[in-house]
Every structure is written in C-alpha cells, then in structure tokens.
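Novice: Below: sequence and its predicted model.
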Amino acid sequence: MRNRSLLALLAALLLPGLASAAEVVVWHAYRGAEKAAFEKVAAAYNARPGNPNKVTTLAVPYDAFADKISAAVPRGKGPDVFIFAQDRLGGWIEAGNTVESIDFFMDDALKARFIPSTLEAMTYRGGVWGLPLNYKCIALVYNKKLVKAPPRTSAELEAVAKKLTQRAAGRFGLAYSYSDYYYHAALQNTFGGRVFDAGKPVLDAPENVKAAELLQAWIKAGFMPAEPSTALITSLFNEGKAAMVFSGNWFLGEIAPGIDWAVATLPALTEAGGKPMRPWTTVEGVYVAAPSKHKDAAFDFVKFATDVDAARIMALEGRQSPANAKVYADAKVAADPVLAAFKKQVDVAVPMPNLPEMTMVWSPATTAMGAITRGGDAKAALAKAQAKVTEDVAKLRKSK
C-alpha cells in the first residue's frame, strides 16, 4: 500500500499531464435529438487537441432523475456533473454536499456569455452555482391557416379569439393550461405579481389578485375550453379546433405534420398598461457535484458545454433554446423563426423561483387555481393559499 502511494506521488511530480487526466461522468435526462446533440458536444470535448480529460455521459430517466440526484450525489455515489432545471437548486444547496459553488471560476467575460435571466436562475443567495445551458418558457403557438398575424396585445387576442370560437362545434380561439399555476404565472408576473418577497411568501399580493381576476374574465368571455388538459389542448390544436395555444418548446414535438404553425411572443397585456407578458423561465443548469474528485476537469467541461460552439449544436441539432446569448448571432440560428421567437420571449421572462420553499407552493397554488377557474372569489382563494404556504414555510424553517 505504501509503495502504491509512493508511485502515485512520483507520477504526480514527474508526469503532471498524466496525473491531471480525469474521467468526468455527466448525468442528464435528454432523449432523442436532444440526447444525440448533447453526446455530440461531449464527443467534441473529448476530441480537443491536448485535452487529457474524458467525458462519459449517462442518460437518466427524467421521472426518477431529481430523486436520484438527491439520494446519490451527497453520498459520493453520483456523477461529477449533472444537468437539471433550477427549481430544485435551492433545496440541493441547503441540503449540502450536492452542488459545488462556482464563484471561484466566474469572471465578467464568462457572465457576459449568457442571457441575463438565465444566469440569474443559477444564482442563489448571491452566489453562482451552475452555468445555464438551455431554457424553456411558454410563448404563443398559432395555426397560420386560422390566424394570419399573431395578436400583439391582449385586446387583439381577445377579439381574434372570440371571432374564431364556435363552442357548439368545439372550436376555440385560445387554449392553454390556465388552471396550472406555472402557465398562469405569465399573467401574474406581468402585473408585477410574485410568489416571494425577500424570501417571504406573498401569494395574496394585490397584483396576484388582479391577474387572477383577468383570467376569470377570459374564462367568462368563453373563447377557451373548460378545464383544458394537456391531451385536450394538443388534440384541439392538431384537429384545427384551437387557433392559438400558450405553450413551450416541449409542445412543438406534439404538433401533427399537417398543421401549418408558427411561434410568436405572448401578447402585451392591455390590462397591465401594455406591458409584455412575462412567463416563467425554466433554465437547465450544468452543475459540478460537490463530492466530485475532479472539480477542475468537471468545470472545464461545464464551461465548454455552455460555449457558443456547443450551443450551436444544441440549437440546430437538438432543437434546444441555448442560454448562450452569442449563438443567436449565428446565421443559421438567427434564420430559425422558432429559436428567434423563444429568444425574444425569454428576454422579458422571469426565472422561476429556485428557493427550497417553492416546493411548498405548488399544492396550495393548485387548489387556489381550481377555485379561481371555477369562478370563486380570487382574493379569498389566494389568501387561503397564502396562509397554507406561510404555515408550511414556518414549520420548515423551525425544523432547521
């Protein structure tokens, strides 16, 4: 054992290149074209001249991914790098020994690489914990046969949607998951609403109430289907029975081949003084695992995977929306109308909160949205959600 240690020490002193070589294991949840594109990025990293490190990727089923990270990484049984959305970031940081701070590596040039809101999503309590890779947010997807030009304001949206709605025939001007709090946040954020103020829950803020009351007015106007499920929205759009849909990048793969569609930014809200609608942005971050024994090599790959060349591959071949701002100046990327529309939308979007307390919001918010969409008192529904979240957050903080 002693001889082996001496040999390792000699190798480190005499063969620094060999000693610094590392195999970096990366976990992700990509499938299909996204997986192929990411593997191409990893292969490009491995092929760099003079690069002593090797990256190995492992695709983990998405449904089990978060739990697997929480269980394996802190015990040192996980990867060196993993990719996941920012919504679990705060919880993993507070749990400890899961995500490594990368403040040491950050400089102005690296920060300037990214769309500002995507880097904001990687920031927790003033520190940077990962680099943003790709983002997702909702925008306006419309049937070009039914809608000649996308509405620029909510007043135009309502007028067009009413004109195209024939409820008896099951046709609607607009369809989206309006009872889902994630989708509703686009209205809430536009009014200046929010979930937290300085870490304190504020679900019953006056701006949140205004947004809920506007949603109720839209429902009452009758141009949206009642209780729309994901399956119903997809079916309506593919049958030409929904002219417009609020949805994200993930919806595009579900559109039937015969539909002539396009993507545009969400309309500005007339009711909020003409401000652009501001959906939540979900940002996939690339994180260095805290227990990794190869942190420098791991960050070297993180930096490579978020640079412009890798972003070009993810955009054009993986059909992702990269967080790298410079890639949108690339001629092929700039010529892609879908990528351009989502880029324009993310420029006004709001990063979804990454506080650990956010996990306590979803259930009360869902209950509130159910009451609101059934015509209940919006203020009372949000007040009830506020009381529940405040109680649960207080219990969490007391237990720490």
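Specialist: That came through fine.
Novice: quick one, strands of the stretch 151-300 of the chain?
Specialist: 172-175, 196-197, 200-201, 242-247, 261-264, 268-269, 275-276, 280-288 (DSSP state E, counting those that start in this stretch).
Novice: With distance to residue 69, mean neighbour count and mean pLDDT added, can I get the ones you listed in JSON lines?
Specialist: (C-beta placed from N, C-alpha, C; glycine too.) Output for the strands of the stretch 151-300 of the chain, formatted as JSON lines (distance: least, C-beta to C-beta, whole Å; neighbours: other C-beta atoms under 10 Å; pLDDT from 0 to 100):
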{"stretch": "strand 172-175", "distance to residue 69": "34", "mean neighbour count": "25", "mean pLDDT": "98"}
{"stretch": "strand 196-197", "distance to residue 69": "24", "mean neighbour count": "12", "mean pLDDT": "96"}
{"stretch": "strand 200-201", "distance to residue 69": "26", "mean neighbour count": "18", "mean pLDDT": "96"}
{"stretch": "strand 242-247", "distance to residue 69": "27", "mean neighbour count": "26", "mean pLDDT": "98"}
{"stretch": "strand 261-264", "distance to residue 69": "31", "mean neighbour count": "19", "mean pLDDT": "98"}
{"stretch": "strand 268-269", "distance to residue 69": "37", "mean neighbour count": "22", "mean pLDDT": "98"}
{"stretch": "strand 275-276", "distance to residue 69": "34", "mean neighbour count": "18", "mean pLDDT": "98"}
{"stretch": "strand 280-288", "distance to residue 69": "9", "mean neighbour count": "26", "mean pLDDT": "98"}
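Novice: possible to save those as a markdown table with distance to residue 144?
Specialist: Converted to a markdown table, the strands of the stretch 151-300 of the chain look like this (distance: least, C-beta to C-beta, whole Å):
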| stretch | distance to residue 144 |
| --- | --- |
| strand 172-175 | 15 |
| strand 196-197 | 39 |
| strand 200-201 | 42 |
| strand 242-247 | 10 |
| strand 261-264 | 6 |
| strand 268-269 | 21 |
| strand 275-276 | 22 |
| strand 280-288 | 26 |
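Novice: Residue 355: which of those strands is closest?
Specialist: strand 196-197 (6.3 Å; C-beta to C-beta).
Novice: ok, back up a step: what's the closest of the strands of the stretch 151-300 of the chain to residue 44?
Specialist: strand 280-288 (15.1 Å).
Novice: partner strands of that closest one, parallel or antiparallel?
Specialist: Next to strand 280-288 in the sheet, as set by DSSP bridges, lie strand 81-85 (antiparallel), strand 131-136 (antiparallel), strand 350-351 (parallel).
Novice: what's the most buried one of the ones you listed?
Specialist: Burial of those is given as mean neighbour count (mean count of other C-beta atoms under 10 Å); strand 131-136 ranks first at a mean of 26.
Novice: tell me the mean pLDDT over that one?
Specialist: Taken as a whole, strand 131-136 has a mean pLDDT of 98.
Novice: what comes into contact with whichever helix or strand comes after it?
Specialist: Where DSSP states H and E defines the elements, the next helix or strand beyond strand 131-136 is strand 139-143. Counting by C-beta atoms under 8 Å, 6 or more residues apart in numbering, strand 139-143 makes contact with 150-151, 237, 240, 242-248, 251-252, 255, 259-267, 279, 341-342, 345, all of which sit outside it.
Novice: one more time with 6 Å
Specialist: Contacts to strand 139-143, defined as C-beta atoms under 6 Å, 6 or more residues apart in numbering, come from residues 150, 243-245, 247, 261, 263-266, 341-342, 345.
Novice: Just flag the most distant two among the residues you listed.
Specialist: 243 and 342, at 20.1 Å, using C-beta to C-beta across these.
Novice: Poorly predicted segments of this protein, please.
Specialist: 1-20, 400 (pLDDT under 70).
Novice: that older thread, for residue 189, find the nearest of the strands of the stretch 151-300 of the chain.
Specialist: Per C-beta to C-beta, nearest to residue 189 of the strands of the stretch 151-300 of the chain: strand 280-288, 7.1 Å.
Novice: Is residue 181 in contact with residue 369, as I believe?
Specialist: Yes. Contact criterion C-beta atoms under 6 Å: residue 181 and residue 369 qualify, at 5.5 Å.
Novice: Quick one: the helices in the stretch 51-200 of the chain, in order.
Specialist: 62-72, 89-95, 108-111, 116-121, 154-164, 181-190 (DSSP state H, counting those that start in this stretch).
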